[in-house]
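Novice: The amino acid sequence is not available; the structure is as follows:
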Ligand SMILES: NC(=O)C1=CN([C@@H]2O[C@H](COP(=O)(O)OP(=O)(O)OC[C@H]3O[C@@H](n4cnc5c(N)ncnc54)[C@H](OP(=O)(O)O)[C@@H]3O)[C@@H](O)[C@H]2O)C=CC1
Ligand SMILES: CC[C@](O)(C(C)=O)C(=O)O
Ligand SMILES: [Mg+2]
Ligand SMILES: [Mg+2]
C-alpha cells in the first residue's frame, strides 16, 4: 500500500483529476432500480452513515447497519439511533456475508482496519462503496479483484444530506467507479441508483473519479468551507468585542450571520450576495475582498500543493499514529475561544442587518469562495466540481454553525476535514493579523451605511459589477443552478 495518486503517470493523474462530467437528469431515469431488492449494509452510523441510510430507506431501498460488537454491547449512539429508527442492526458476521452492497461510512482513519475486517466476509461479486476516496487514493488500498468499488460522495455535511432530502431537494454529489475494480461493469448503474436514493440527482451529480474527489474535497474543507469560516468567526468576534460591541450580540451575529449571508450566495452566486449590499457598501466590500484575496492566495495555494503532493495526508496520518494528539489538542483549544464560550444574546437581528453590519464577513466569503475555486481549477479540477466544493457547500456548512457554532461544525464534518480546518486556521489567523488591525467596526458590527452619503461613482460601480459577474465561477454556477429546479429557501435564524 502507498499513495495511489503518486503511482500514476502525470498524464493519468491529469486525466483522473479532470474527470467531472455533469450527469443529465435522463441518466437517473431508472431511479433506484439497480439497487431495488438488493441487500445494502452500511458500516458506521455517524454523520453520513445514519443520514444517508434514512434517505435511502425513504427512497425504497433495503438498508441495515453493521456495527462493532462493542457499539451494540455499550448501546452507543450508533446503536441507539439506528435501532430507534427501526433499522435491522447486527455485527459484521451477521450482516456482511449476505450483503450485495457494503457502504463504508466510518471515519477515514479507520478505513484500512474496517476494509480489512469486512472484505474477507463479503460474498463474491459484491460491491464496496465509499463517500470519500482517501483510503483508495492516499493510502492505496487494494480491494479484492472480484469486488466492484464505487464512490458516492455528497458535497455536504451529513446533517444537511438529510435536511435537503426532507425539503424535497438534495446535495450535489460526486459519483465514481474505481478503475481497478469494476469486474462486471455494473459500477456506474449501482452508483447512479445510490446517488438517486440519497436525493443527490436533484441537486446535480458529476461522473468523477476517486482522485478528483479527494483532491478537491480536501481543498474545499481546509480552506473556504471550514478553515476560513472558523478563522473568520474568531477574528470578527474578537474584533467586535475589542472595539466595545456587546459580546452576546457579537456571538449571535457571527453564529447566524454566515448562514444568512450565504443563503443569497447559494441562490444567486457571488454577485447575488454582494447585490444585497447598498452601492457604497458593495464598493467597499469589493475593495476589502480584493485585499483579502491578495493576502490569502499563497496560503490557499500551499494547501492545494500539499494536498496534491501527499504532504497533507502523510502529516495527518502521522497524527493518526499518535492517537490524534494534535487533532484533540486543537479541538479543545477551539472550545476555549471567546466566541465559542460566549452565549448568544436573546435579541432579534433582521435579515438585512446581517449584510449591513457584516460587510467584512461578506468580503471573507467572496474572497474564500473565489480563491478556492481559482486554486482548484488551476490544479486541474473541473469548474463544476470546484463550484460544488466551494460556493454551493459554504451555506451548508454555515447551517451547522447556526445550530451550535464551531463545535457543531467540527462535530458534523469528518475528522479529516476537522484536522485540515485547524491547520488552515492556525496559519490564517497570523496572516490576517495586520489586516485585522486596520479594520474598523464600520465593516463589522456597525452599519456601514450609517452617516455616509449613499452616492457612488458610476464607472467604479459598473467596473466592479463587471469583475464580479465575469468571474468563471459565476458562469459555471449559473449553469449548475439552472439545473437545481427543486432548490428551496431555508428558514433562517
Ligand atoms: N462528516 C461528513 O459530513 C462527511 C463525511 N464524508 C466521509 O464519509 C465517511 C464517514 O465520515 P463521518 O460520517 O464523518 O464519520 P463519523 O465519525 O460520523 O462515523 C462514526 C461512525 O463510525 C463508526 N466507527 C468508528 N470507528 C470504527 C471502526 N474502527 N470500526 C467500525 N466502525 C467504526 C462509529 O461506530 P461506534 O458507534 O462504534 O463508535 C460510528 O458509527 C468518511 O469517509 C468521510 O470522509 C463525506 C462527506 C461529508
Ligand atoms: C466540508 C467537510 C466535508 O468534506 C464535507 C461535509 O463535505 C467532510 O469531510 O466532512
Ligand atoms: Mg466534502
Ligand atoms: Mg471531506
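Specialist: Yes, it's here. Not measured: the values here are computed from a predicted model. Ligands and ions are numbered 1, 2, ... in the order given.

Novice: Quick check: residues of the stretch 1-150 of the chain near ligand 1?
Specialist: Residues of the stretch 1-150 of the chain lying close to ligand 1 by Cβ under 6 Å from any ligand atom are 43-49, 67-68, 71, 76, 78, 105-108, 110, 113-114, 131-132. To be clear about C-beta, it is placed using only N, CA and C from the backbone, and glycine gets the same treatment.

Novice: In strands, which of those residues fall?
Specialist: residue 43 (DSSP state E).

Novice: Domain ranges for this structure, per the record?
Specialist: For the chain, automatic domain parsing gives the domain ranges 20-208, 213-482.

Novice: Could you export those domains as a markdown table, including mean neighbour count and mean pLDDT?
Specialist: Putting those into a markdown table (neighbours: other Cβ atoms under 10 Å; pLDDT from 0 to 100) gives the following:
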| stretch | mean neighbour count | mean pLDDT |
| --- | --- | --- |
| domain 20-208 | 20 | 98 |
| domain 213-482 | 20 | 98 |
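
Novice: For residue 488, find the nearest of these.
Specialist: Among the domains of the chain, the nearest to residue 488 by Cβ to Cβ is domain 20-208 (4.5 Å).

Novice: what distance separates the start and the end of the closest one?
Specialist: Terminal residues of domain 20-208 are spaced 4 Å apart (Cα to Cα, to the nearest Å).

Novice: mind checking how far it is from the chain centre?
Specialist: Counting by Cα atoms, centre = their mean, to the nearest Å, domain 20-208 is centred 17 Å from the centre of its parent chain.

Novice: wait, does that domain contact ligand 2?
Specialist: Yes: Domain 20-208 is in contact with ligand 2 by Cβ under 6 Å from any ligand atom, via 155, 156, 157.

Novice: If we check ligand 1, which of the residues you listed are in contact?
Specialist: Near ligand 1, by the rule Cβ under 6 Å from any ligand atom, you find residue 157 out of those.

Novice: which bits of the stretch 151-300 of the chain sit near ligand 1?
Specialist: Residues of the stretch 151-300 of the chain lying near ligand 1 (Cβ under 6 Å from any ligand atom): 153, 154, 157, 158.

Novice: Which ones among those residues lie within helices?
Specialist: residue 158 (DSSP state H).

Novice: Go through the residues of the stretch 151-300 of the chain next to ligand 1 and name the one nearest ligand 2.
Specialist: residue 157 (4.1 Å; Cβ to the nearest ligand atom).

Novice: pretty sure that closest one contacts residue 414?
Specialist: No: counting by Cβ atoms under 8 Å, residue 157 stays clear of residue 414, with 9.0 Å between them.

Novice: Mind listing the shared neighbours of the two?
Specialist: Applying Cβ atoms under 8 Å, 6 or more residues apart in numbering, one finds that residue 157 and residue 414 are jointly contacted by residue 47.

Novice: Residue 208: what's it in contact with?
Specialist: 19, 20, 21, 174, 175, 176, 385.

Novice: swap the cut-off to 10 Å and go again
Specialist: Listed by Cβ atoms under 10 Å, 6 or more residues apart in numbering, the contact partners of residue 208 are 16-21, 23, 133, 151, 153, 173-177, 216, 381-382, 384-385.

Novice: Can you give me the distance of it to ligand 1?
Specialist: 14 Å (Cβ to the nearest ligand atom, to the nearest Å).

Novice: Report the secondary structure state of the residue nearest to that residue when sequence neighbours are not counted.
Specialist: Leaving out its chain neighbours, the residue that sits closest to residue 208 by Cβ to Cβ, 6 or more residues apart in numbering is residue 174, at 4.3 Å. Following DSSP: H, G, I helix; E, B strand; the rest coil, residue 174 is assigned to strand.

Novice: For residue 174, give the beta-bridge partners.
Specialist: Per DSSP bridges, the residues bridged to residue 174 are residue 153, residue 206.

Novice: That one reaches residue 198, doesn't it?
Specialist: No: contact status for residue 174 versus residue 198: not in contact, 12.0 Å apart, counting by Cβ atoms under 10 Å.

Novice: anything in contact with each of the two?
Specialist: 131, 152, 154, 205.

Novice: The last one and residue 350: what is the separation?
Specialist: Using Cβ to Cβ, to the nearest Å, one obtains 37 Å as the distance from residue 205 to residue 350.

Novice: One more: the second one?
Specialist: The gap separating residue 152 from residue 350 is 39 Å, by Cβ to Cβ.

Novice: Kindly report the same for residue 407.
Specialist: For residue 407 relative to residue 350 (Cβ to Cβ), the value is 26 Å.

Novice: which ones are touching residue 303?
Specialist: Residue 303 touches 218-219, 221-223, 227, 312, 372, 375, 420, 423-424, 427-428, counting by Cβ under 10 Å, 6+ apart.

Novice: what do you get if the cut-off is 6 Å, keeping everything else the same?
Specialist: Residue 303 makes contacts with 222, 223, as judged by Cβ atoms under 6 Å, 6 or more residues apart in numbering.

Novice: where does residue 161 fall, phi/psi-wise?
Specialist: phi -60, psi -40 (degrees, to the nearest 10).

Novice: shouldn't it be in contact with residue 51?
Specialist: Yes: in this structure, residue 161 is within contact of residue 51 by Cβ atoms under 6 Å, at 4.7 Å.

Novice: got a list of what the residue nearest to residue 30 when sequence neighbours are not counted touches?
Specialist: Nearest residue to residue 30 in three dimensions, chain neighbours excluded: residue 193, at 7.1 Å (Cβ to Cβ, 6+ apart). Contacts for residue 193 (Cβ under 6 Å, 6+ apart) come out as 32, 34, 35.

Novice: got it, and residue 111?
Specialist: residue 135.

Novice: i'd like the first residue to be 59 from this point on
Specialist: Sure, I'll start numbering at 59, so the last one becomes residue 169.

Novice: Can you name the residues of the chain sitting close to ligand 4?
Specialist: Contact residues, the chain versus ligand 4 (Cβ under 5 Å from the ion): 275, 279, 472, 475.

Novice: Closest to residue 515 out of those?
Specialist: residue 279 (39.2 Å).

Novice: From what I see, the closest one and residue 477 are in contact.
Specialist: No: using Cβ under 6 Å, residue 279 is not in contact with residue 477, being 9.5 Å away.

Novice: Nice, that's everything, thank you.
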